[in-house]
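Participant: Got a predicted model here, sequence first, then my questions.
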Amino acid sequence: MRKLFLVLLSLAVMTGVALADNGLGIFGTYWDTEDLGGGFGGGIKFRGNLGDLFGVDLRASCVTQLDDWEGDDDLYLIPLEALLLFRIPLGEYSPVKAYVGGGGGYVIVPEADDIDFDDDFCFIGVGGIEFALNENVSLFAEAMYRFFEVDGMEIDGENIDLKGELEFTGFGVNAGLFFRF
């Protein structure tokens with residue numbers, strides 16, 4: 001838990017400019033992985049503008065309660081991601097905003113049941129909508145597809161090469177509140 005807190009704190013410090021430009025979102029998340037089923041969690045995202053049509057999202061989330069994980073300890077997946085977004089113009093006064101984007105990141109998989117899965121890079125595509133409640137607060141929902149596979153793990157000090165056989169690739173959704181600054 002300390003590791004996650006330090007990562008989120010570092011992310012917040014590094015994105016001070018993004019906070020001043022646009023805002024902060026909090027969300028619930030669902031990720032349906034290929035080999036271990038679906039899992040739920042939550043996350044936070046920071047958004048900065050790169051002009052009228054483009055933006056960048058920096059996000060961190062934590063997913064657990066995977067359906068097909070049978071260990072005694074919970075297995076956590078902690079994706080840290082950066083995405084470039086393209087805003088789809090829907091009209092200057094429309095309360096609805098749409099966007100698509102893609103990017104990459106790094107997924108931390110903490111040890112569970114004495115199994116230490118390798119952390120590794122991931123790639124993500126996303127599409128979403130925001131509905132403005134007022135000029136500072138929006139509801140948002142987004143669909144995403146994340147590519148992530150684990151190549152190895154360590155059990156009792158012995159490294160095991162999985163050769164990309166453990167797939168966490170899959171569809172996911174996020175929904176939450178976005179606060180503009």
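Facilitator: Okay, I see it. Residues are numbered from 1 along each chain as shown.

Participant: Lys45 and Gly55 touch, don't they?
Facilitator: No: look at Lys45 against Gly55 with CB atoms under 8 Å: they stay out of range, at 10.8 Å. Placement of C-beta: from N, CA and C, glycine included.

Participant: Comparing the two, which residue is more hemmed in?
Facilitator: Neighbour totals were compared for Lys45 and Gly55, and Lys45 leads with 24 against 20 (other CB atoms under 10 Å).

Participant: Can you tell me how far that one is from Gly105?
Facilitator: Lys45 sits 12 Å away from Gly105, going by CB to CB, to the nearest Å.

Participant: Over to Thr29?
Facilitator: As judged by CB to CB, Thr29 and Gly105 stand 14 Å apart.

Participant: got it, and Glu34?
Facilitator: For Glu34, the distance to Gly105 equals 18 Å [CB to CB].

Participant: Of those two, which one has the most company?
Facilitator: Ranked by neighbour count (other CB under 10 Å), Glu34 and Gly105 place Gly105 first, with 20 against 13.

Participant: and the more buried one, what does it touch?
Facilitator: Counting by CB atoms under 8 Å, 6 or more residues apart in numbering, Gly105 touches 79-82, 121-124.

Participant: Which strand or helix spans it?
Facilitator: Per DSSP states H and E: Gly105 is located in strand 96-108.

Participant: in that strand, what's buried?
Facilitator: 97, 99, 101, 103, 105, 107-108 (16 or more other CB atoms under 10 Å).

Participant: same question, stretch 81-95
Facilitator: So stretch 81-95, judged by 16+ other CB under 10 Å, has buried residues 81, 83, 85, 87.

Participant: gap between the two ends of that stretch?
Facilitator: End-to-end span of stretch 81-95 (CA to CA, to the nearest Å): 27 Å.
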